[in-house]
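# Below are the sequence and a predicted model; questions follow.
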Amino acid sequence: MTILIERVNYMVDISIIVPVYKVEKYLFRCVNSLIDQTCKNFEIILVDDGSPDKCSNMCDQFAELDSRIKVIHKINGGLSSARNAGMREAQGKYIGFVDSDDDVEPDMFADMLEEAENNAADFVMSDYIRILSNGERSLISTNLRSGVYEKEDIKREIYPSLIMGENVDYGPILSVWHCIYNRKFLEKNNITFANDVKWSEDNLFSAVVGYCANCFVYMKGKGLYHYYQNPGTITTSYRPGAWEVYKKMNGYLEKFFLVSHEYDFRRQVKLHMIYYACNTVRMECCNAENFRKAKKNVKTILRDPRLIKAFQNFKLPSVAIKLKIQLWLMKHQCTDILVMLIRG
């Protein structure tokens with residue numbers, strides 16, 4: 001098969017976007033790993049998202065030392081807002097995202113660019129290395145096969161768990177930071193991050209990417225990205241108001257996916273709502289100062305019309321017994337038993 005590639009003059013091969021907020025302890029490690037990439041024709045866009053610490057000055061100092069580094073200073077708007085700001089300034093044929101408390105392998109972007117170019121891919125995804133606070137490392141992979149996925153492969157192998165799997169967990173395409181994306185593909189499909197989705201924003205972005213893509217490459221077994229589970233970062237912190245944010249995200253998914261004529265995503269959208277209800281219920285139970293407060297907060301979630309709608313005519317999935325009990329208690333709004341079960 002001959003692939004015709006439209007020739008466009010891009011200033012750089014790849015734009016690496018790094019949102020920066022309260023990470024002065026980790027920022028040097030991150031930027032150093034990007035400067036040392038084996039591919040040379042790239043730009044680094046540091047987006048200072050109104051960071052109140054020394055990060056703003058650090059970003060400017062990095063830019064003075066390396067002409068490939070650009071800095072955007074903006075008022076705090078969250079991770080989605082910061083990534084969008086970087087995308088608007090990006091000049092590369094491809095776009096990559098790196099979290100400022102992580103780092104990457106020296107050949108990460110060279111290897112991914114090669115795969116993207118050889119296969120005319122809309123995006124490329126690798127595996128990653130998870131690094132715990134004690135230094136323990138492990139390769140995180142998916143159950144997908146390695147290689148190239150054309151549109152029919154995507155429909156058959158990706159769509160069934162694109163938004164949420166039957167195990168009430170994320171599908172195989174999720175985090176943006178171990179992927180690169182063809183910028184023209186993103187622009188053609190108007191794919192950006194939702195500014196009002198402050199957490200788990202990758203879930204929405206990646207679902208739309210996976211749906212729209214005609215070709216992607218999975219570099220299975222290559223842990224090119226280093227994901228650090230640092231204490232106190234956004235992934236390990238309590239999130240006040242999370243339920244309202246997650247409902248907004250589910251609303252965006254409904255609007256986009258429930259009109260699809262290519263696949264029936266209705267159950268996945270319901271699973272998404274239920275997954276985040278489970279997530280938020282556990283968050284409230286574990287962080288409330290007492291049983292009474294936890295019960296009040298959990299009851300608000302269980303009585304939400306959106307969650308009630310999700311549970312209507314919904315057959316519980318075949319999951320571990322403890323999760324199945326939790327889902328049954330949530331569906332039937334057994335708040336007291338649910339809170340006791342989670343709080344122990």
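Ah, there it is. Numbers count the residues shown, from 1 in each chain.
# who does the top strand by length along the chain touch, helix- and strand-wise?
When the chain is parsed with DSSP state E, its longest strand is strand 215-228. Packing partners of strand 215-228 (3 or more CB pairs under 8 Å, 6 or more residues apart in numbering; DSSP states H and E): strand 103-104, helix 108-119, strand 123-131, strand 137-140, strand 147-150. Quick note: C-beta positions are derived from backbone N, CA and C, even for glycine.
# Adjacent strands (with direction) for that strand?
Under the criterion DSSP bridges, strand 215-228 sits next to strand 103-104 (antiparallel), strand 123-131 (parallel), strand 147-150 (antiparallel) in its sheet.
# of all these, which lies closest to residue 263?
Among these, strand 147-150 comes nearest to residue 263, with 15.1 Å by CB to CB.
# Centre of the chain to that closest one, how far?
Chain-centre distance of strand 147-150: 21 Å, with CA atoms, centre = their mean, to the nearest Å.
# So which residues of the stretch 151-300 of the chain form strands?
Applying DSSP state E, counting those that start in this stretch to the stretch 151-300 of the chain gives strands spanning 179-182, 215-228.
# Now the longest one: average pLDDT?
Same thing as strand 215-228. For strand 215-228, mean pLDDT is 98.
# Tell me which residues of it come out buried.
Of all the residues in strand 215-228, those buried under the rule 16 or more other CB atoms under 10 Å are 215-219, 222-228.
# what's the angle between it and helix 108-119?
Using axes from the mean of the first three to the mean of the last three CA atoms, to 10 degrees, the inter-axis angle of strand 215-228 relative to helix 108-119 is 170 degrees.
# Let's have the strands of the stretch 151-300 of the chain in JSON lines, adding distance to residue 146.
Below are those laid out as JSON lines (distance: least, CB to CB, whole Å):
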{"stretch": "strand 179-182", "distance to residue 146": "15"}
{"stretch": "strand 215-228", "distance to residue 146": "3"}
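# closest one to residue 21 among the ones you listed?
Using CB to CB, the nearest of the strands of the stretch 151-300 of the chain to residue 21 is strand 215-228, at 15.5 Å.
# For the longest helix anywhere in the chain, name the packing helices and strands.
Assignment by DSSP state H gives helix 266-287 as the longest helix of the chain. Using 3+ CB pairs under 8 Å, 6+ apart, the elements in contact with helix 266-287 are helix 242-257, helix 291-302, helix 305-311, helix 321-331, helix 335-343.
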